[in-house]
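K.L.:
below are the sequence and a predicted model; questions follow.
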Amino acid sequence: MSVHVQREAAAIRETWLGKALSTRPAGRPAAEAAISGLYRLIGLPPPRFHWVSSPAKGLATVPPGTRAWESIDRLTEWPVPRRLSTLAATLRHELDARLRPRGRPFDQIVRRTTYFPLQRSVTSTLVPPLNAAHESPVHRRTWYDTLSVAWIAEYDALRRAAGAVFTGEQRRLLALWTAATTSCGWWWPREDTCVVSERPVALHTEVWGENGEVRPHREDGPAVRYADGWDLHAWHGMPVPAWVITDPSVRRIADEPNVEVRRCAIEHMGWPAYVDQAGLRLVATAPDPGNPGCELRLYDMRAGTRVLLAVNGSQERDGHRRRYGLTVPAFDDPIAAAGWTYGLSAEHYSLLQRRT
């Protein structure tokens, strides 16, 4: 029975993931009706709607009549997002209260299968464009978490897969939040005006987690793109400058201060190509005792550091083993360098049967 519930919850999760990552044009009438309904629930009349083509435009848009304290850098102080977040939190508390007395055995299974994977996918895929558009880091745990489909999907799965029973009014409120979060992109509710973003027109992802979590990734162009041309490049979930994807080079890598961006650029070039083009001097090679049949290669890099090339002990989803490089101190022995990355001595690393 628990396996059946988990499978059904996983299928529901995939449906909600499709809604969260949709690239179809926004359903403007449905979005405006749902958001207006939420405004009414906190005692406000429906707002004027100002539609924009991307989050970047949404954050830069200052509707006529905007009050000084409704500037985007003070989003956490806006009263309407706070009141709407409280509305959602109250609904969640009431739904949890209906579940708690029965001690339902499948609730935690459903939550692990739906809420957490969806929240990780939204955080990995839809939040990076917000971070790129915001001048300051996004406060994900306030307003933007309220707009995540993860919490709504959780209760949908609890109802459909685990048999939870909610009242008609609770289902009506969930339907309002569902329409408000799945009919459009991000939105920013001021007292009189609500700025609403269209969805992206292109979104490229890869599966990276055990429960179907996805993250943005594209090897030959922007991973996320909006109709107005605003975009975001990403390499295996890491937002990167466009050159990392379009034109990685040894010179640009050398000039890049961010170590993670450098790593992504080198991976995109391929470590063998980078080693060759950068003219790195080979210090030593050795069979990898932690990965039989593979070789460790130690190169002299720069400024008293070296790079160790190794092969991943586990396969990627496509069946291949990824070659990767690790910056290490100025070792002369590849085995000592490999051991250092695990906090082991060369002697202890050489005794490993197989690493992962």
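P.N.:
Nice, I can see it. Numbering: from 1, shown residues only.
K.L.:
alpha carbons only for contacts and neighbour counts from here, please
P.N.:
OK.
K.L.:
for Val207, grab phi and psi.
P.N.:
phi -80, psi 130 (degrees, to the nearest 10).
K.L.:
partners of it in the sheet?
P.N.:
For Val207, the beta-bridge partners are Val214 (DSSP bridges).
K.L.:
domains in this protein, by residue range?
P.N.:
If you go by automatic domain parsing, the domain ranges for the chain are 2-199, 201-269, 271-349.
K.L.:
which secondary element of the protein has the worst mean pLDDT?
P.N.:
Lowest by mean pLDDT, DSSP states H and E among the helices and strands of the chain is strand 323-328, with a mean of 84.
K.L.:
picking that back up, mind putting the domains of the chain in CSV, mean neighbour count included?
P.N.:
Listed next are the domains of the chain as CSV, based on neighbours: other CA atoms under 10 Å:
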stretch, mean neighbour count
domain 2-199, 18
domain 201-269, 18
domain 271-349, 17
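K.L.:
hmm, back to that, could you point out which element follows the least confident helix or strand of the chain?
P.N.:
helix 334-341 (DSSP states H and E).
K.L.:
for that next one, give the mean pLDDT please.
P.N.:
Averaged across helix 334-341, pLDDT comes to 91.
K.L.:
helix or strand next in line after that helix, which one?
P.N.:
That would be, after helix 334-341 and using DSSP H and E, helix 346-349.
K.L.:
look up the closest residue to Ala26, ignoring the ones flanking it.
P.N.:
Excluding its sequence neighbours, the residue lying closest to Ala26 (CA to CA, 6 or more residues apart in numbering) is Cys184, at 4.6 Å.
K.L.:
can you tell me the SS state at the one you found?
P.N.:
coil (DSSP: H, G, I helix; E, B strand; the rest coil).
K.L.:
now do Leu352
P.N.:
coil.
K.L.:
thought it was touching Pro292?
P.N.:
No. Counting by CA atoms under 8 Å, Leu352 does not reach Pro292; the two are 10.1 Å apart.
K.L.:
against His233, how distant is the closest residue to Phe331 other than its chain neighbours?
P.N.:
Distances taken as CA to CA, 6+ apart place Ala337 nearest to Phe331, at 5.9 Å, with adjacent residues excluded. As judged by CA to CA, to the nearest Å, Ala337 and His233 stand 33 Å apart.
K.L.:
thinking again about what came up before, contact partners for the residue nearest to Phe331?
P.N.:
By CA atoms under 8 Å, 6 or more residues apart in numbering, Ala337 lies in contact with 308, 328-329, 331, 346.
K.L.:
circling back: and the angle for the least confident helix or strand of the chain with helix 334-341?
P.N.:
Interaxial angle of strand 323-328 relative to helix 334-341 (axes from the mean of the first three to the mean of the last three CA atoms, to 10 degrees): 80 degrees.
K.L.:
got a list of contacts for strand 323-328?
P.N.:
Residues outside strand 323-328 that contact it (CA under 8 Å, 6+ apart): 267, 271, 305-312, 337, 340-341.
K.L.:
for it, C-alpha coordinates in CSV please.
P.N.:
Output of strand 323-328 as CSV, limited to C-alpha atoms (Å, rounded to 0.1, in the frame of the first residue of the first chain):
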residue,chain,number,x,y,z
ARG,A,323,36.5,13.5,-15.7
TYR,A,324,37.0,16.4,-13.3
GLY,A,325,39.8,18.5,-11.9
LEU,A,326,40.5,19.5,-8.3
THR,A,327,42.8,22.3,-7.2
VAL,A,328,45.3,21.0,-4.6
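K.L.:
list the strands paired with it, with their directions.
P.N.:
Applying DSSP bridges, one finds strand 323-328 paired with strand 305-311 (antiparallel).
K.L.:
now do the strand it pairs with, average pLDDT.
P.N.:
Averaged over strand 305-311, pLDDT sits at 88.
K.L.:
quick one: that strand to chain centroid distance?
P.N.:
Offset of strand 305-311 from its chain centre (CA atoms, centre = their mean, to the nearest Å): 28 Å.
K.L.:
excluding its backbone neighbours, what's nearest Leu308?
P.N.:
Leu298 (4.6 Å).
K.L.:
avg pLDDT for the top helix by length along the chain?
P.N.:
Identified as the longest helix of the chain according to DSSP state H is helix 79-99. Helix 79-99 shows a mean pLDDT of 94.
K.L.:
after it comes which helix or strand?
P.N.:
As assigned by DSSP H and E, the chain's next helix or strand after helix 79-99 is helix 107-125.
K.L.:
let me see the mean pLDDT of the helix or strand that that following helix is followed by.
P.N.:
Using DSSP H and E, the helix or strand that follows helix 107-125 in sequence is helix 127-133. For helix 127-133, mean pLDDT rounds to 88.
K.L.:
how far out from the middle of the chain is the following helix or strand past helix 127-133?
P.N.:
Next helix or strand after helix 127-133 toward the C-terminus (DSSP H and E): helix 145-146. Relative to the chain's own centre, helix 145-146 is displaced by 14 Å; criterion: CA atoms, centre = their mean.
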